[in-house]
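S.K.: With the input below, show me the fold.
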Amino acid sequence: MAKKSTILSLTASNKMRSIDENGAGKADHDHVRDVSLSANGTQWAVFIEPTTTAEAAGDGGVIKYKKAKSKKWEVFEGVGGVKIDGGPSGSTAYVINNKGEIYQLDVGKDPKMLAGQGFAREISAGADGTVWVITNSPTHGGGEVHYLKGSEQWQKVPGEMGGMKISGKPDGSALIINNDGVLGMITTDGSYEQLTGQGFAREISVAPDGSTWIISNEPADDGGNIVSYQSSEGGAWKDVEGGAIILDAGFA
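M.R.: Numbering: from 1, shown residues only. Got it, this is the predicted structure:
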């Protein structure tokens, strides 16, 4: 039987919990601002802890990681963040701080700056190694889409199609949601395919098992907005019990 992905989500009260086809599990952490799950099971999170000093938090919240099968969260020192996404290797993640800077994080190494102040607002590391960002430069549908692969030079996706949320796919393309809630697919050469109508989604994550998870614009009774998934490309969307404001898929 093929291995199923695990999805981590955050509620409207910043509680972390797993979620799957059967609904949301119990909340196991509080004060979480963003969360990501690498393909190998390493969890990454940005914690907004009430007792943390501004100096300790860095430029955002405290970044922590928990290796697969470990029960202990460890602090990644030297940088703070507001958005984070784990790379295909569990020892690597990418973070955006509250200045719009991007850093690459590697366990056991110092953070490495990949983009300067004001550059990015959203980030996603695809399973093929492509790192996608939505920048703060406005264009049709939101911010410009840029990508990084095999170098330290960010490349703008040709054309004028932008977005508000993005998630890299294993084949090197990405799914994006624009400021009208339209879900579409974009490639590094600028090709774009609209997949849904307006108002469809506000958050997205492509899982390692090929399923796609979204948070809709419809409120849920518990924790945020309704979560839906598509088990394979082109298939039917199914709602699950338990709401969320953020989600990310990986293996745990």
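S.K.: In the protein, what residue spans correspond to helices?
M.R.: 54-57 (DSSP state H).
S.K.: Confidence-wise, which helix or strand of it is lowest on average?
M.R.: helix 54-57 (a mean of 55; mean pLDDT, DSSP states H and E).
S.K.: Ser5 against Ser211, yeah?
M.R.: Yes: Ser5 is within contact range of Ser211, at 6.2 Å (criterion: CB atoms under 8 Å). C-beta coordinates here come from the backbone N, C-alpha and C atoms, glycine included.
S.K.: So for the two, which residues contact both of them?
M.R.: Ala249 (CB atoms under 8 Å, 6 or more residues apart in numbering).
S.K.: how about Val46, what does it touch?
M.R.: Contacts of Val46 by CB under 8 Å, 6+ apart are 32-35, 60-63, 80-84, 95.
S.K.: Scan those residues and report the most crowded one.
M.R.: The residue in the contacts of Val46 with the most neighbours, by other CB atoms under 10 Å, is Gly81 (31 neighbours).
S.K.: about what we covered before: make TSV from the contacts of Val46 and add distance to Val131 and pLDDT to it.
M.R.: Shown next, in TSV, are the contacts of Val46 (distance: CB to CB, whole Å; pLDDT from 0 to 100):
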residue	distance to Val131	pLDDT
Val32	22	94
Arg33	20	93
Asp34	16	96
Val35	18	96
Gly60	19	85
Gly61	21	91
Val62	23	91
Ile63	17	94
Gly80	19	92
Gly81	15	94
Val82	17	94
Lys83	13	96
Ile84	12	97
Val95	11	97
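S.K.: Now the two most distant members of those.
M.R.: Val35 and Gly80 (15.3 Å; CB to CB).
S.K.: give the contact list for Pro158.
M.R.: If you count contacts by CB under 8 Å, 6+ apart, then Pro158 has 189-190 around it.
S.K.: hmm, 6 Å instead?
M.R.: Applying CB atoms under 6 Å, 6 or more residues apart in numbering, one finds that Pro158 lies in contact with Gly190.
S.K.: Check Ser211 too.
M.R.: 229, 231.
S.K.: can you do 8 Å?
M.R.: 5, 229-232, 249.
S.K.: And for Met185?
M.R.: Taking CB under 8 Å, 6+ apart, one finds 169, 173-176, 192-193, 195 in contact with Met185.
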